[in-house]
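Trainee: sequence-free structure coming up:
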Ligand code: WT7
């Protein structure tokens with residue numbers, strides 16, 4: 001049974017089907033027409049070049065600039081004085097930037113980057129809290145063709161160093177600190193530690209946010225406010241006319257190996273994709289106040305706080321701090337204060353607010369809201385219903401968007417901008433135009449309705465990643481080898497008898513912890529880096545708020561004994577290697593891990609035990625005693 005709207009289902013679907021058919025049957029014609037909504041310096045010669053597939057290239061020969069399309073294009077119109085960015089600090093202070101203001105700041109910062117010798121193709125790393133300087137530096141980099149790699153400010157110094165080294169970033173932008181629940185996170189100190197093991201960074205620019213005392217290395221580190229003071233407000237930096245396939249950014253994400261992948265995106269195809277997906281899914285209007293609650297350190301923030309909304313000339317809201325600080329009504333006070341019309345968030349946040357209770361929501365007038373969005377993990381029907389009833393007062397459709405870092409933008413989502421289908425709690429409904437999604441079995445055959453299979457995308461789309469930075473083999477192996485010719489996202493899914501898609505969670509060794517993507521292998525390599533650990537296996541344990549949390553099984557080396565202190569120490573090791581978000585919820589010390597006779601850890605079996613599910617076929621197990629030991633622990 002569908003919720004909202006209540007009409008004939010056929011009417012909604014026929015519109016979507018008509019556009020989708022065009023997009024899939026004649027993609028070159030379709031995208032040739034749709035890409036024109038942006039301003040190109042030179043038109044493409046070819047819409048889709050597939051001669052090097054799966055390294056597909058879109059809009060080949062076209063020249064474009066992201067900063068120009070996000071800012072200059074609007075500054076030439078009445079939007080010049082429209083608010084582009086509303087920023088609210090954790091302390092309640094508010095800053096507003098019109099398109100003109102952003103344009104001025106981005107031009108100045110672009111000049112500043114040039115003064116540091118940064119140019120087209122150079123990589124710059126941004127390790128910043130949620131402050132306006134973050135999108136400003138991104139757009140400034142894009143203006144001169146430098147490739148930004150934003151590192152989430154919750155990552156540790158080791159994680160930052162790994163990313164800087166992989167991208168060979170020559171400049172690092174950080175801050176003296178960031179605020180989280182009133183406390184200061186010493187970003188510069190963490191960055192300094194990272195810089196001890198990097199070789200590419202020549203200079204560091206430090207934004208003053210907290211006023212903390214930091215160590216500045218003479219000749220290497222510079223205060224942003226001192227530098228920017230010397231750059232006049234009328235500075236104009238000509239936007240680089242970049243090839244459509246010039247990389248706009250690299251963003252590291254977790255996979256099934258110990259090292260994160262540098263997913264990198266194009267300029268042209270990516271911008272076209274974020275523009276159209278935002279239009280189709282949310283149909284934003286000029287009087288909307290758009291609030292995506294993600295951190296810009298993730299793809300959601302790149303595509304739907306920065307690039308997508310600005311391309312549309314929307315007012316995008318950015319909030320610095322924790323969702324429940326200083327009280328559990330913080331978000332709702334923001335919605336009321338700024339008149340937010342579209343709220344886009346993750347199920348984990350909704351579940352957290354459910355726990356606090358509806359009174360915190362009901363303290364505020366949320367009548368400005370017209371659409372609600374969700375992303376990052378499957379949404380359970382209880383959370384969906386609560387979001388729909390308590391936050392949206394049964395007036396606001398819920399736009400459940402399935403996508404990934406790699407896809408650039410939404411892939412499966414209710415197309416409110418075309419014709420909203422009746423919604424079903426927990427289903428992202430149908431693929432957007434140009435997305436050829438299906439659910440198949442191990443052999444690639446479509447599965448029967450209501451049967452779990454693997455999600456696949458059978459055709460390239462403009463927002464797709466260009467590759468894995470420095471490792472094109474990994475790109476092909478990870479995404480295009482399981483089903484040759486098709487893109488494999490790594491998710492389980494099913495379709496119901498009406499063709500609705502239901503995403504059922506990861507099919508690989510990747511966890512979604514509070515919607516954050518974390519590889520179990522990354523946590524395992526962090527654990528075995530500790531001298532006490534001989535072997536480790538990490539699995540996801542269901543959690544009522546976070547969706548799942550990592551649980552680690554650890555075999556100790558000779559001479560080490562399990563203890564509460566050691567458990568703490570191992571958890572801390574993970575925080576140091578990756579960041580607090582990857583901390584295991586617990587460590588289970590075992591004598592042996594269940595393995596196959598060929599020596600592979602049977603994670604599937606561990607996962608089943610943790611979830612209290614049947615362990616299934618264990619005929620290949622090498623030693624049953626290992627299994628019985630663990631089953632014993634979980635029975636009690
Ligand atoms: C993975 C991608 C791209 C947005 C932020 C996450 C899961 C994402 C949904 C959804 C069910 C979802 C998938 C996907 N996921 N959105 N609406 N319903 N699952 O990006 O960190 O690259 O993670 O998040 O498992 O593969 P990401």
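Mentor: Arrived safely, thanks for sending. Please read all numbers here as calculations on a predicted model, not as lab measurements. Numbers count the residues shown, from 1 in each chain.
Trainee: whichever residue of the stretch 51-200 of the chain sits closest to the ligand - nearest residue in space that isn't next to it in sequence?
Mentor: Closest contact between the stretch 51-200 of the chain and the ligand, by C-beta to the nearest ligand atom, is at residue 152 (10.6 Å). Yep, even glycine has a C-beta here, placed from its N, CA and C like the rest. Leaving out its chain neighbours, the residue that sits closest to residue 152 by C-beta to C-beta, 6 or more residues apart in numbering is residue 297, at 2.9 Å.
Trainee: and if you look at residue 80?
Mentor: Per C-beta to C-beta, 6+ apart, closest to residue 80 is residue 100, 4.8 Å.
Trainee: neighbours around the one you found, how many?
Mentor: By other C-beta atoms under 10 Å, 16 other residues sit near residue 100.
Trainee: determine the three-state secondary structure at it.
Mentor: With DSSP: H, G, I helix; E, B strand; the rest coil as the basis, residue 100 sits in helix.
Trainee: how far away is it from residue 84?
Mentor: Per C-beta to C-beta, to the nearest Å, residue 100 is found 9 Å from residue 84.
Trainee: excluding chain neighbours, what is closest to residue 193?
Mentor: residue 157 (3.8 Å).
Trainee: please read the previous query as pertaining to residue 24.
Mentor: residue 436 (5.6 Å).
Trainee: what about the one you found, distance to residue 21?
Mentor: In terms of C-beta to C-beta, residue 436 sits 11 Å off from residue 21.
Trainee: give me the more crowded residue out of those two.
Mentor: residue 436 (17 against 12).
Trainee: so which helix or strand takes in residue 575?
Mentor: helix 564-577 (DSSP states H and E).
Trainee: would you map the strands across the stretch 301-450 of the chain?
Mentor: Along the stretch 301-450 of the chain, counting by DSSP state E, counting those that start in this stretch, strands occupy 315-319, 342-345, 371-374, 398-400, 437-440.
Trainee: between the ones you listed, which gets nearest to the ligand?
Mentor: Closest among the strands of the stretch 301-450 of the chain, using C-beta to the nearest ligand atom: strand 398-400, at 5.0 Å.
Trainee: residues in contact with the closest one?
Mentor: Residues external to strand 398-400 that are found in contact with it (C-beta atoms under 8 Å, 6 or more residues apart in numbering): 281-282, 344, 371-375, 379, 384, 387-388, 392, 413-414, 416, 423, 425-429.
Trainee: buried ones in the helix or strand bottoming out on mean pLDDT in the chain?
Mentor: Within the chain, no helix or strand scores below helix 624-635, which has a mean of 85 by mean pLDDT, DSSP states H and E. Buried residues in helix 624-635, counted by 16 or more other C-beta atoms under 10 Å: 626-627, 629-630.
Trainee: nearest to residue 570 among these?
Mentor: Distance to residue 570, by C-beta to C-beta, is smallest for residue 630 among the buried residues of helix 624-635, at 17.6 Å.
Trainee: can you pull the contacts of the closest one?
Mentor: 553, 588, 590, 594, 606, 609.
Trainee: now with 7 Å, please.
Mentor: 590, 594, 609 (C-beta atoms under 7 Å, 6 or more residues apart in numbering).
Trainee: over to residue 541?
Mentor: Contacts of residue 541 by C-beta under 7 Å, 6+ apart are 548-549, 551, 585, 610.
Trainee: now the buried members of those.
Mentor: Applying 16+ other C-beta under 10 Å to those flags 548-549, 551, 610 as buried.
Trainee: wait, isn't residue 543 in contact with residue 551?
Mentor: No. The criterion here is C-beta atoms under 7 Å, and residue 543 misses it with residue 551 at 9.8 Å.
Trainee: reduced to three states, what does residue 587 come out as?
Mentor: Residue 587 ends up strand, using three-state DSSP.
Trainee: bridging residues for it?
Mentor: residue 552 (DSSP bridges).
Trainee: again with residue 467
Mentor: On the basis of DSSP bridges, residue 467 is bridged to residue 264.
Trainee: and residue 449, its phi and psi?
Mentor: Reported as degrees, to the nearest 10, the phi and psi values for residue 449 are phi -50, psi 150.
Trainee: residue 124 belongs to a strand?
Mentor: Yes. The assignment for residue 124 by three-state DSSP puts it in a strand.
Trainee: just checking, it touches residue 144?
Mentor: No. Taking contacts as C-beta under 7 Å, residue 124 lies outside contact range of residue 144: 10.0 Å.
Trainee: mind listing the shared neighbours of the two?
Mentor: Common neighbours of residue 124 and residue 144 (C-beta under 7 Å, 6+ apart) are residue 118.
Trainee: if we can go back for a sec, can you put the contacts of residue 630 in CSV and add pLDDT?
Mentor: Compiled in CSV, the contacts of residue 630 are given as follows (pLDDT from 0 to 100):
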residue, pLDDT
590, 95
594, 93
609, 92
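Trainee: okay if I get those as JSON lines plus neighbour count, secondary structure and distance to residue 445?
Mentor: Listed next are the contacts of residue 630 as JSON lines, based on neighbours: other C-beta atoms under 10 Å; DSSP: H, G, I helix; E, B strand; the rest coil; distance: C-beta to C-beta, whole Å:
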{"residue": "590", "neighbour count": "19", "secondary structure": "coil", "distance to residue 445": "39"}
{"residue": "594", "neighbour count": "28", "secondary structure": "coil", "distance to residue 445": "31"}
{"residue": "609", "neighbour count": "19", "secondary structure": "helix", "distance to residue 445": "31"}
